[in-house]
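>>> 3D model of this:
(chains A and B)
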Amino acid sequence: MLDRDQAGDIFGKLRRLSQADEIELLISGGRSALTRFANNTIHQNVAEEEYHISVRSAFGNRTARASTNKHDDDSLRRVVQSSEALAKVQHPDPDLLPMPTKEETAAANVDGGDGMVNRYFEATARLTPQDRAQGVAAMVDVANKHDLAAAGIFSSAEIVEGIFNSKGVNAWHEQTLAEVSVSMIGSSSSGWQKANAPDMARLDPVRLAEVAAVKAIESKNPRDLPPGKYTVILEPAAVLDIVGFMFWDFGGSALLEQRSFLNDRIGMRLFGENITVWDDVYHPLQAGVAFDGEGMRRQRLKLIENGVVRAVTYSRSSAKRMQASEMAGKVGPVRPTGHGFALPSEIGEAPLNIVFAGPLEGESRTVEQMLASTERGILVTRLWYIREVDPYEKILTGMTRDGTFLVENGKVVCGVRNFRFNESLLHMLQNVEVMGIPTRSCGEESFDMVVPPMKVREFNFTETTKF
Amino acid sequence: MKDIASWVLETAKLRGASHAEARIVDERSRSLATKNGRIASASDSESLGIGIRVIANGGFGFAATDDLSREGVESCAARAVEIARASSSVKSQELSLVPEPPAQADWASPCKIDPFSIAIERNLDLLFAIDAALLAVKGVTLAETSMNFRRYEQWFYSSEGSEIHQTIVTSGAGYAAYSFQGTEIQKRSYPNSYGGQFQGRGYELIEELKLLEHAGETAEQAVALHAAAQCPEGKFNVILDSSQLALQIHESIGHPIELDRVLGMEANFAGTSFLTLEKLRTLQYGSEIVNVVADATPAHGPGLGTFAYDDEGVAAQCTPIITNGLFTGYLTSRDTAAAIGATRSGGCLRAEGWNRLPIVRMTNVSILPGQSPLTLEQLIASTERGILMETNRSWSIDDKRYNFQFGCEIGWEIKGGKRGRMLRNPSYSGITTEFWNSMDAICSRDEWTLWGTPNCGKGQPQQVMGTGHGAAPARFRNVRVGTAYKGNE
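Numbering: from 1, shown residues only, chains lettered A, B, ... in the order given. Next comes the predicted model:
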């Protein structure tokens, strides 16, 4: 795999070719493999290795980017020339800052984040096609035992990300990641589980398959319930997939462009007092890179405290713009937080290492305890095809999927046909009655997070489907 | 390229593969965008690599690399065979491919003006002029513009003897005006939302879109929506403009007819389909005026799903999907066609790039226009009471593609055959087959547009693919309207 020294050599070549005032290299890539199965058969099985070179050139306050996956000298010369040609014809951006120095990128005082946890595990990097096939075979055995059909993936990867600039920034990240997702399909129902971790040893494919199988079995012949407002128990994957839609609004650029639901709402109690959320790349259950698209060190931020939005993320540029705007003073602390995307960026910045604070000691409940305390409600395994209906009230629509159950008198009674919801996130996070211990979770609609299961009252189901 | 392919095919054969394909792709793209008078994106990108698909021991294997040296591609081919052998260790059904005669071909998409030959300054001047025109309308709080170009050159070789070279140029552009007032953010886009219009053409598309000419009206509508009445809830006759109908086709016809979904191959991610095999040629999918084709041939037009050969060397075809309302065809590949006993693939296997395994994809899934002359204004005039909805704002559908809900940017009340007051936050929902069976009118060819959907996600690892959808405005009877806001008043 490409290492830091080799990447540094590439940057050295680029720098010698550069005629711009400043030059920056983002380099990313690695080896990845994914084994995919359906109908108890491996039907797709892929592997790739690639390293992406992305060069940003700046002439004063004009900047642009060019990228290539070719590493030969001619290609490096061409990518530098392309980025320079594109930068020279840009309209000047008065808010574009000079590239940061190494001292500036490291200046952040990160509470509790001085040492990055190790996210590279040799055993995960060394997983072979045969290893993944054996893992799949074990999950298929579970399916066969229950007379179900299994579908899913077993993937593994080792990846690198680095940033170098002509001011001396030189940051590097290496990580492994393994992921298992499994669906169990019956004649009238299905169940699903998914998990990932930098260390394969933390994953248990057979246990995931067993849980998915039980969900498929217990939800067979689903009952058709009328839509309406129900108490719901959302498993962590369901929570993450729906709440993920709001964090793209937690950025200074989103506020300045007035596309955020937080406009005119920072400092207000938007959610229940039991909602406290951090962005914390240093959390032991998190994954990912501790620097942003300019190399700035990510800070640990308390975004929401007891239901009140306290802070949003900033790139260097959006912090400068916010400090000069009429909103400054009304939006909490304004400083670069290490959450900017690579420049030029349409989005600006966002927190992508979300960690929900757990409930107070003694108030935590497992999903089983939440079920036991529920007179009538719906247990939701996952949500699907979520889209934003209303950007300011944060109304989202989507479907339940792969294991939706009626709960009565503290017990799961039967499976139910899947619902469509149209629910405001503001409303939902005001109505969280009980939470569990946050866990690392992954779904298909949002980025991975550390989130708890939640029991929510008056969740708004508006329609049902035919299965 | 032929030398590289020969190293791959030879290595795969020596390692025991019974079938091998090499796809070498050289791709170039440009992305430009502005936001409130500033550059939001200015990037050029190029990518070159090879994807190798093999069958060994009755299992598929795929490996990809950007190292095109002899050592690099031979190692990659060996890895693909190793992966295929691992695949074959877990199987409950046999893999086979329907036959396809080997082809030798060289084809390029129609491109009158190479978009990469246009000075970047000219592109930026246009985008900044639109940006300024949007912001000139009082009440607009955010202006976004974008322009995207791609040149995709592919060499395909197979152990069966195919040698196919294709070059496809795509272009796209569009913009949006946002207005934040009180407790609402409203938006209008032109010519479509989520990046505008995309086709397999050159810069001539950008010129034909007349982008700047529509900026003022687009921005004014975004602001005017704040004062418009909320779209009512209830059952209404609904007329959809052609861009919204294109997305309706994509979601509620294009995806459910993918045979890999039907066969359960996407069950863990994209989902399955309600169109189980016994429904072929028995299900009344829509009313008798619903005629839909999946047409990848250049004769259909320069859609994002137009090509000469798919990514396993099958010639482009036109497949009748819905014929006078009857469900008549799936989107197929060589292995999925074999699985249902078909004799030939429909030519729908496509990959996002060199590093992705080709999977079953939409080509151009289009509804055919009405035979009798009918304009949108005539359709409105023939509607006593209803709602016209334009330009998608949100979309969602269940994992078997039955229950859907769409939101649009703007609606117009229709009363007594006339377009009346503006409506904000319009939405509609339904069940796929009930909805298509309620269609009672569709406009004719003059109102038909071949829209491009550049962002269709599917597969694991996920792949983003461009698809084409021809559509004309159409009317649907007794559709559920307004449920998106129900319970959230």
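>>> What ranges does the chain have for its helices?
Unless you meant another one, I'm taking chain A. Here chain A has its helices, by DSSP state H, at A:4-17, A:73-88, A:102-106, A:122-125, A:129-145, A:205-218, A:236-243, A:252-256, A:316-323, A:367-372, A:425-430.
>>> hm, I was asking about chain B
Using DSSP H, helices in chain B cover B:2-14, B:70-87, B:120-135, B:204-208, B:215-224, B:242-249, B:259-262, B:334-339, B:376-381, B:432-437.
>>> Reformat those as TSV; add mean pLDDT, distance to chain A and mean neighbour count.
From N, CA and C alone the C-beta is placed, and that goes for glycine too. Formatted as TSV, the helices of chain B follow (pLDDT from 0 to 100; distance: least, C-beta to the nearest C-beta, whole Å; neighbours: other C-beta atoms under 10 Å in any protein chain shown):
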stretch	mean pLDDT	distance to chain A	mean neighbour count
helix B:2-14	97	14	18
helix B:70-87	97	4	23
helix B:120-135	97	5	19
helix B:204-208	98	17	18
helix B:215-224	98	12	21
helix B:242-249	98	12	26
helix B:259-262	98	9	26
helix B:334-339	97	8	22
helix B:376-381	98	26	17
helix B:432-437	98	10	20
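>>> Out of those helices, the one nearest B:Leu97 is which?
Nearest to B:Leu97 among the helices of chain B is helix B:334-339; the distance by C-beta to C-beta comes to 4.0 Å.
>>> who in the stretch 301-450 of chain A is up against chain B?
A:344-346, A:384-393, A:395, A:397-399, A:401-402, A:418, A:420, A:422-424, A:427, A:444 (C-beta under 8 Å from any C-beta of the partner chain).
>>> Weed out the non-buried ones from those.
Buried members of those, counted by 16 or more other C-beta atoms under 10 Å in any protein chain shown: A:344-345, A:384-393, A:395, A:397-399, A:401-402, A:418, A:420, A:422-424, A:427, A:444.
>>> Just these: which are in strands?
Judged by DSSP state E, the subset of those located in strands is A:384-390, A:395, A:397-399, A:401-402, A:420, A:422-424.
>>> Around the closest residue to B:Thr467 other than its chain neighbours, count how many other residues there are.
Spatial nearest neighbour of B:Thr467, excluding adjacent residues (C-beta to C-beta, 6 or more residues apart in numbering or on different chains): B:Met362 at 4.1 Å. Neighbours of B:Met362 under the rule other C-beta atoms under 10 Å in any protein chain shown: 28.
>>> Same check on A:Ser75?
Residues lying near A:Ser75 (other C-beta under 10 Å) number 15.
>>> Count residues in the vicinity of the nearest residue to A:Pro344 once chain neighbours are set aside, would you?
In this structure, A:Pro344 finds its nearest non-sequential neighbour in B:Ile39, 5.1 Å apart by C-beta to C-beta, 6+ apart. Neighbourhood size, B:Ile39 [other C-beta under 10 Å]: 26.
>>> ok, now A:Arg376?
Residues lying near A:Arg376 (other C-beta under 10 Å) number 12.
>>> Spit out the contact partners of it.
Counting by C-beta atoms under 8 Å, 6 or more residues apart in numbering or on different chains, A:Arg376 makes contact with A:230-231, A:406-409.
>>> any idea which of these is closest to A:His146?
Scanning those for proximity to A:His146, where the rule is C-beta to C-beta, the winner is A:Leu406, at 21.6 Å.
>>> wait, doesn't the closest one sit right on A:Arg417?
No. Judged on C-beta atoms under 8 Å, A:Leu406 makes no contact with A:Arg417 at a distance of 10.3 Å.
>>> and for those two, which residues touch both?
A:223, A:225.
>>> list the contacts for residue 117?
Answering for chain A, as no chain was given. Applying C-beta under 8 Å, 6+ apart to A:Val117 gives the contacts A:282, A:284.
>>> try again with chain B
Listed by C-beta under 8 Å, 6+ apart, the contact set of B:Ser117 reads B:Tyr203.
>>> quick revisit: and the residue nearest to B:Thr467, how close does it get to chain A?
To chain A, B:Met362 is 17 Å away according to C-beta to the nearest C-beta, to the nearest Å.
>>> That residue touches B:Cys456, doesn't it?
Yes. The criterion here is C-beta under 8 Å, and B:Met362 meets it with B:Cys456 at 6.9 Å.
>>> anything in contact with each of those two?
Each of B:250, B:465, B:467 lies in contact with both B:Met362 and B:Cys456 under the rule C-beta under 8 Å, 6+ apart.
>>> Inside strands: which ones of these?
Per DSSP E, those map to strands at B:465, B:467.
>>> My read is that A:Ile23 contacts A:Val80, right?
Yes. Contact status for A:Ile23 versus A:Val80: in contact at 7.5 Å, counting by C-beta under 8 Å.
>>> shared neighbours of these two, which are they?
Counting by C-beta under 8 Å, 6+ apart, the shared contacts of A:Ile23 and A:Val80 are A:14, A:55, A:57.
>>> will you turn those residues into JSON lines that also has pLDDT?
Formatted as JSON lines, those follow (pLDDT from 0 to 100):
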{"residue": "A:Leu14", "pLDDT": "98"}
{"residue": "A:Val55", "pLDDT": "98"}
{"residue": "A:Ser57", "pLDDT": "98"}
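>>> In the record's domain split, what are the boundaries for the chain?
I'll assume chain A. Under the assignment automatic domain parsing, the domains of chain A span A:1-216, A:228-244+A:359-464.
>>> let's do chain B instead
Taken from automatic domain parsing, chain B resolves into B:2-227, B:229-485.
>>> Would you mind giving these as JSON lines with distance to A:Leu371 added?
Converted to JSON lines, these look like this (distance: least, C-beta to C-beta, whole Å):
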{"stretch": "domain B:2-227", "distance to A:Leu371": "35"}
{"stretch": "domain B:229-485", "distance to A:Leu371": "25"}
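>>> So which of these is nearest A:Ile275?
Nearest of these to A:Ile275, taken as C-beta to C-beta: domain B:2-227 at 20.8 Å.
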